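Student: Dropping a prediction and its sequence here:
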Amino acid sequence: LAKTTQPISMDSYEGQEVNITCSHNNIATNDYITWYQQFPSQGPRFIIQGYKTKVTNEVASLFIPADRKSSTLSLPRVSLSDTAVYYCLVGDMDTGRRALTFGSGTRLQVQP
Amino acid sequence: SQTIHQWPATLVQPVGSPLSLECTVEGTSNPNLYWYRQAAGRGLQLLFYSVGIGQISSEVPQNLSASRPQDRQFILSSKKLLLSDSGFYLCAWERQGLNEKLFFGSGTQLSVL
C-alpha cells in the first residue's frame, strides 16, 4: 500500500481556510484516498474520501490532481473545535488487502 | 444503525500479566475488523486485521495476538505484557466492499507498570 507523507503540524486562526496536503507518490490504480480527524483520547472520525478530481461534503473538500500523487484536504473557515490531528489514508480497493496503515498525521492548532 | 463497543476504557496492568481486550460490532454482518495502537503523541499503528471469522492478519510481530471467534467479535490478547505495550488501543470496523470507511471504537488506554 502507498506510503503517505504529511506535514507534522500547522497553525491557523479562526475563520481562515486551511489546506493540508498529503503526498502519496506510489499510489496505485486501485487505491482511494480517505481523510480522518482525531481528537485526543478518541478514535479517528471519517471526514471525506475520493479517488480523483474534487469531492466536497458539508465539512470539507478534497482536491486530487490528475496524477493522484498527492491530495489536499481543505477546511473552510476553521473554528477552535477543528483543532485536531488529521490523517490521510490510502487504501486498496481490493477487498482482500485490508492492511490500512495510517501515516503520522498533521496536528492542526487553531488559534482565536 | 451500526455501533462498535470496546472495553474497558482504561486498564492498568503490571508487567508480565496477561491481557484481553474485547471489541464487538452491532448492526452489521461480516465486517472487516481492525486493532490499532497509538503511543502517546504518536500516530496509529496497525496491529491486526481480519476479513472473516478465524482469519487474522498480523502487521507487527510482537507479543500480542488477536482472535475472531465470532463474526462481530474481535479480541486482542497477550500472555505477558511488556512496558512497551502501553498505549491507546483502538478497534475499528468497516463494511466489506469497495471504498468503505473505518469506524472506530472509543479506545482502551492501557498502562503497563
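Tutor: Yep, it's here. In this text, all values refer to a predicted model and were calculated from it rather than measured experimentally. Residues are numbered from 1 along each chain as shown, chains lettered A, B, ... in the order given.
Student: Tell me what the spatially most central residue of chain B is bridged to.
Tutor: Averaging the C-alpha coordinates of chain B gives a centre point, and the residue nearest to it by C-alpha atoms, centre = their mean is residue B:35 (3.0 Å). Following DSSP bridges, residue B:35 is listed with bridge partners residue B:48, residue B:91.
Student: Which residue, other than its chain neighbours, is closest to residue 86?
Tutor: Since you didn't name a chain, this refers to chain A. Closest residue to residue A:86 apart from its sequence neighbours, by C-beta to C-beta, 6 or more residues apart in numbering or on different chains: residue A:106 at 4.9 Å. All C-beta spots, glycine's among them, are computed from the backbone N, C-alpha and C.
Student: that's the wrong chain, I wanted chain B
Tutor: Closest residue to residue B:86 in three dimensions, ignoring its sequence neighbours and counting by C-beta to C-beta, 6+ apart: residue B:112, at 4.7 Å.
Student: Also residue B:75?
Tutor: The spatial neighbour of residue B:75 that comes closest, neighbours along the chain excluded (C-beta to C-beta, 6+ apart), is residue B:67 at 4.9 Å.
Student: and that neighbour, how many neighbours does it have?
Tutor: Residue neighbour count, defined by other C-beta atoms under 10 Å in any protein chain shown, stands at 16 for residue B:67.
Student: how close does the residue nearest to residue B:86 sit to residue B:85?
Tutor: According to C-beta to C-beta, to the nearest Å, residue B:112 and residue B:85 sit 5 Å apart.
Student: what about the helix or strand residue B:88 falls within, average pLDDT?
Tutor: Of the helices and strands defined by DSSP states H and E, residue B:88 is found in strand B:87-94. Per-residue pLDDT values across strand B:87-94 average out to 95.
Student: Good, we can wrap up now.
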